[in-house]
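Trainee: Sequence below, structure please.
(chains A, B, C and D)
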Protein chains: 4
Amino acid sequence: MKSTFGQSVTLTIAGESHGEAITAILAGIAPGVPVDRDYIASQMQKRQAVGDISTPRHEADEVEILSGVFNGVTTGTPITLLIRNQNTRSQDYKAMSTVARPGHADYTAQCKYHGYQDYRGGGHFSGRITAALVAAGAIALTALARRDIRIATHIARCGGVSDRPFGDLTADMAQLNNSTFAVLDTQAGEQMQAAIRAAKADGDSVGGVLETVVTGMPAGVGEPWFDSVESVLAHILYAIPAVKGVEFGDGFALSDMRGSEANDGFAVVDGQIRPTGNHNGGINGGITNGGTLRFSCGIKPTPTIHKPQQTVDFAAKEPCELQAGGRHDPCIVHRARVVVDSAAALALCDLLALRFGTDCLGG
Amino acid sequence: MKSTFGQSVTLTIAGESHGEAITAILAGIAPGVPVDRDYIASQMQKRQAVGDISTPRHEADEVEILSGVFNGVTTGTPITLLIRNQNTRSQDYKAMSTVARPGHADYTAQCKYHGYQDYRGGGHFSGRITAALVAAGAIALTALARRDIRIATHIARCGGVSDRPFGDLTADMAQLNNSTFAVLDTQAGEQMQAAIRAAKADGDSVGGVLETVVTGMPAGVGEPWFDSVESVLAHILYAIPAVKGVEFGDGFALSDMRGSEANDGFAVVDGQIRPTGNHNGGINGGITNGGTLRFSCGIKPTPTIHKPQQTVDFAAKEPCELQAGGRHDPCIVHRARVVVDSAAALALCDLLALRFGTDCLGG
Amino acid sequence: MKSTFGQSVTLTIAGESHGEAITAILAGIAPGVPVDRDYIASQMQKRQAVGDISTPRHEADEVEILSGVFNGVTTGTPITLLIRNQNTRSQDYKAMSTVARPGHADYTAQCKYHGYQDYRGGGHFSGRITAALVAAGAIALTALARRDIRIATHIARCGGVSDRPFGDLTADMAQLNNSTFAVLDTQAGEQMQAAIRAAKADGDSVGGVLETVVTGMPAGVGEPWFDSVESVLAHILYAIPAVKGVEFGDGFALSDMRGSEANDGFAVVDGQIRPTGNHNGGINGGITNGGTLRFSCGIKPTPTIHKPQQTVDFAAKEPCELQAGGRHDPCIVHRARVVVDSAAALALCDLLALRFGTDCLGG
Amino acid sequence: MKSTFGQSVTLTIAGESHGEAITAILAGIAPGVPVDRDYIASQMQKRQAVGDISTPRHEADEVEILSGVFNGVTTGTPITLLIRNQNTRSQDYKAMSTVARPGHADYTAQCKYHGYQDYRGGGHFSGRITAALVAAGAIALTALARRDIRIATHIARCGGVSDRPFGDLTADMAQLNNSTFAVLDTQAGEQMQAAIRAAKADGDSVGGVLETVVTGMPAGVGEPWFDSVESVLAHILYAIPAVKGVEFGDGFALSDMRGSEANDGFAVVDGQIRPTGNHNGGINGGITNGGTLRFSCGIKPTPTIHKPQQTVDFAAKEPCELQAGGRHDPCIVHRARVVVDSAAALALCDLLALRFGTDCLGG
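Mentor: Just a heads-up that it's a prediction; the model follows:
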């Protein structure tokens, strides 16, 4: 369904980069989940631009809650979240409204919407619309946390620099969720930021990889064949602009292993059956195995760059050279991690509600 | 939805490895598509075991067509495809019905189905159920081919050996679709098969990577945000057992590029706007751009191996050592490629029907 | 979705009147539900023709269970049910394959399927396909009965004759579920059968009204706005051929009442809150209120009659007179009641699973 | 899906009677449909209270368009419509927040939402939320009208008084769409209003029947079995509060006819095949036959009345007598007709887009 994700817990989003507002309707969240406006604001802040490595477009991103919350908790009915657009400089985009910016959706939107699309700032295809996911995700993350299901994402790689792998999950996850540039190794983080600045100085951009862990997921969740945990997570993760790869556990690295290395065994720990490894990301046969979920998203470099590029004007059907002006991010990897956390939280709330019923995460 | 994929063109599958039959109901395929039983049989054959690098379990895999086809063409109403199971040796599995085989769904099925699941040969989680996808996929591939939309997959990597990249697509795709071990470089294929035999000799298994191309897709297909082409393709690809990574275009390799390298420009070719590169897999903003679709699936090594493994008996809640008997594949990568082709065809038929209506691929 | 109903518990059906087989895939039924082949057979028998008031086409309607049942109970994975067609006399239909039979789907199928449809015996639009609903419904009814949720339907009206209203539900429901012509007042039943025979003698047909009750439904089930209990039940009931009206509680009769008469109050009975009336069919605001569900389906007279009718040949685009041969029912109301029971059971299983999770009706 | 309707064209709604705002996100509407704010306002006005036969609660019901419309036409991306609540007197409801008002959803909401629901003015179950359907429906109606598909609804019966049947559809439909109390026979309309006033004087309320026609629908639309035109229309119609009956064509009256009377024949008119009757509502086998669609909705009397009623306080689990204060409608039938038009338009846009593709109603 075009703009709605999920079956039991659903998210519907709308909005354009330079339109009036971004809107999310989050439905199916159990009644009785506390809604903390400060926490929502802090999540929105993580998606915001940071210092000199991001776009100078700054918006308060205040989230208005218009329905579904009463006396500070969810009612169980649909929650409307509204984020007004501000600080838009639409005139930046007028001149190039029919130029197919490489790596962007301008030309494909033209093919689908025949010239009626709102071209300003990428319109409906702008990364700005992820604000709706983050706002809704904050409520989903709260619902999960009350059942001790926790999510954290680090920048595993950015600008050619690698972070250290996860170690002590409790400490690592706390560190990530308190940081603005989410790395486990601070020194690696500084090298990444240096790489971002170098790309910016060249009028260019960089990409990276985000690795996510989820602790506390009960075993037995997932609706194979077609709604396997991987299918449902990948579905929403691939809705995030710039994600071009998704892998679970060791992912593509498994392809070079032998079975004896790739298989995760099981053991009895404190009377409970637990997986003894995590090559498979905590999922077997599309169903959670009680271990930590682990997946990675490959993020392509920001498509808007200031270097000249060869492309076409699709109205004139003529080649042209594009040298982008406007305000842009040399890297969006560090901003995307809260989007990934949010998207994962929404998918997991849906899978849990399908498995255990609509009250399962409630008050 | 548990066992149904798609919105306009839908596939519903059922069956267990050692049950009576595997069934697929394919609905929403336009009326008037010729159904060629020989072509279906040839596709089923590609999924079958090949020589000494596969399981000795051989089945005719005859596909019975029970509805939806009349006078040799599709009627437009649901098509039922039935594949009877034969040659099952269920006694192989009785002894280990409560042993959590590492890398398999035994324990997770137990958590979801509480002991009621059919444990024989992996039951509903067996790769054998992919026979349903291949049978249905044959009809989807036929429907696409009549609009000159063609799909081919090669074994890009297996057992640590890489195939050459795609070159002349027309020649390469024809070669792949006529081969039983789908590589572009025959010598690489022989090295891969040697690696598979070596793993088999060690009682072990190998994995690999499948890379797929789709030519002829019109621009403007895809239903973002949530039903982006990537989301829909990844959803069904992740339903295939052993797929643990999916990437589009250059995928994770994009994460180490700069924007100036990763962006695909556009040009006017014979009066048509065409992308000038394919780093993004023919998709921008979740919508096809008229270029070749390109994506890769990472396949983990077959979980069943003959080496001893540490795991648990989940009924007894006790550790145990497993040394698997039975008949198994040291590699399923070469068999999985036709499953990937089929799954992709089903997803693309669905996206095309959503975009252009239920008749769009009809007679 | 064309041929699939439901979200958590789903039914997919396929088949044509004179094709190979009718197939149902029932997915999402909880693991551990006993599957009693004798009960399924007895339900199939209720759908069968009875004596001289029905079509002489008699089929054994044996239901093959091909997946999803192991050791006599459901596994939790998709259940495939197959009913082979037998005793088809397709030559009856060849001559009139392009004649638009009044009241049938011949012309509309032509508009949708462009001549590719299987025209024999109504093809995919034949009432025969309801065999799939009844077979699947038998399993759904069993799942519900284990939680003391019970369904029964009587012929409230047929051929202009009315049955008495429901009285003592326990006795009435038992009587109905053991009868082949489901009325509460035997004498009314005989008058109805006389009316059917009179219509048959005239080469004509009659319709009727089926009224259904469901006891034992817990309060709080339903997913408004759009998946209200009424919406979900009406959705599947309107998939039954010949149903042209659906109403809940007093239905259209409520339109002539005043609010003071139509409202159902509440009382405390044995410490439980219970509705004190049933004008609203046990549903308020689209959610069950803990009372008996009650709804009625209006069934139009069988469209195939032996009287001459004016219509067109849609291939020739010319008017023609039709005088139907073949074997037909002068009334299908008495056969439809088990289809209504089955459809309702499937819808309620789905709503219950959405509300309380996939295990809620399990073993 | 709880708060989303549709598959290709989807509507998601949110809001509570006394919350901040009512919101609709309408997705999948083709690009290029003009959005006329005056027309939207005029539709909203039809839903408003009229004179002395309705609630004294008056709101401007201004519709803010926050996304999906650019330069006065739809973009093809999701359209957000926001209606702020004003003039709410929430204190009216505080005292009775745990009283189960007969005929209302208070008790069922309690069972589903466990006390977290917004009880003020019926909360999410208030008829006020239909404002979202009307706002979205105005755009759907515009899209249909550009393809000459037109919808009109009259009050066929109200307070025991019947309107005349449809005659000349063109004139009748124009008359209805310009009227505030939509009857064909003005005198009948005055008698209805007198009946409403009489009920009001008694502290009571009345119901009625709305009959709807749709002209211009092409033949061949509908996705049986499960997404028959009747199924899809009934699904959304039953989401409208107070609808307790839905019938197509002659509906329940067909149950007393014989087949020879109920069947609609076909004729060739100006070279086109057309149905010669409309007993079946323009639908055969769940698919449109090119004739006028015709269906009726039974509307129960408004549940809020001023007469004393016996019910319970569900917090105290004790019986109580309720004598409602507040502002209420003695009848909502005349206000509901624009809701029915809107709901039908949304369902038909969805079915048309599924059949003919996402551009089919576009600019």
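Trainee: How about the residues of chain A by chain C?
Mentor: With CB under 8 Å from any CB of the partner chain as the criterion, chain A meets chain C at residues A:7-8, A:223, A:354-360. All C-beta atoms are positioned from the backbone trio N, CA, C, and that covers glycine.
Trainee: Could you pull up the residues touching the closest residue to residue A:223 other than its chain neighbours?
Mentor: Closest residue to residue A:223 apart from its sequence neighbours, by CB to CB, 6 or more residues apart in numbering or on different chains: residue B:2 at 4.6 Å. Counting by CB atoms under 8 Å, 6 or more residues apart in numbering or on different chains, residue B:2 touches A:223-227, C:8, C:10, C:27-28, C:78.
Trainee: By mean pLDDT, flag the weakest helix or strand of chain A.
Mentor: helix A:91-94 (a mean of 64; mean pLDDT, DSSP states H and E).
Trainee: Moving C-terminal from that helix, which element do we reach first?
Mentor: helix A:106-113 (DSSP states H and E).
Trainee: Now do that following helix: everything it contacts.
Mentor: Contacts for helix A:106-113 (CB under 8 Å, 6+ apart): A:98-100, A:117, A:119, A:122-125, A:312, A:314, B:218-222, B:266, B:273, B:283-290, B:355, D:31, D:75-77.
Trainee: Please pick the buried ones from those.
Mentor: When these are checked for burial by 16 or more other CB atoms under 10 Å in any protein chain shown, the buried set is A:98-100, A:117, A:119, A:122-125, A:312, A:314, B:219-222, B:266, B:273, B:283-290, B:355, D:31, D:75-77.
Trainee: Any idea which residue of the stretch 101-250 of chain A lies closest to chain B?
Mentor: Residue of the stretch 101-250 of chain A nearest chain B, by CB to the nearest CB: residue A:105 (2.4 Å).
Trainee: hang on, that residue packs against residue A:121?
Mentor: No. Residue A:105 is beyond contact range of residue A:121, at 11.7 Å (criterion: CB atoms under 8 Å).
Trainee: quick one, which of the two is more surrounded?
Mentor: residue A:105 (27 against 22; other CB atoms under 10 Å in any protein chain shown).
Trainee: where does the stretch 51-200 of chain A dip in pLDDT?
Mentor: A:55-59, A:87-94 (pLDDT under 70).
Trainee: And the helices in it?
Mentor: Remark: helices assigned in the stretch 51-200 of chain A by DSSP state H, counting those that start in this stretch are A:91-94, A:106-113, A:130-145, A:169-177, A:186-201.
Trainee: which of the residues of chain A next to chain C lies closest to chain D?
Mentor: For these, the minimum distance to chain D (CB to the nearest CB) is 6.6 Å, reached by residue A:7.
Trainee: so for the helix of greatest length in chain A, what's the average pLDDT?
Mentor: Identified as the longest helix of chain A according to DSSP state H is helix A:333-356. Per-region confidence: helix A:333-356 scores 98 on mean pLDDT.
Trainee: Would it count as contacting chain D?
Mentor: No. For helix A:333-356, no contact with chain D is found by CB under 8 Å from any CB; the gap never falls below 10.3 Å.
Trainee: Next: stretch A:22-39.
Mentor: Yes. Judged by CB under 8 Å from any CB, stretch A:22-39 and chain D are in contact via A:22-23, A:25, A:27-28, A:31-32.
Trainee: I'd like those residues written out as TSV, with pLDDT and distance to residue A:158 added.
Mentor: TSV is the format used below for the residues of stretch A:22-39 next to chain D (pLDDT from 0 to 100; distance: CB to CB, whole Å):
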residue	pLDDT	distance to residue A:158
A:22	98	26
A:23	98	31
A:25	98	33
A:27	98	35
A:28	97	35
A:31	98	40
A:32	98	39
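Trainee: May I see the PyMOL selection of the buried members of those residues?
Mentor: Remark: buried members of the residues of stretch A:22-39 next to chain D, expressed as a PyMOL selection using 16+ other CB under 10 Å:
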select buried, chain A and resi 22+23+25+27+28+31+32
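Trainee: Name the nearest of the residues of stretch A:22-39 next to chain D relative to residue C:256.
Mentor: residue A:27 (35.9 Å; CB to CB).
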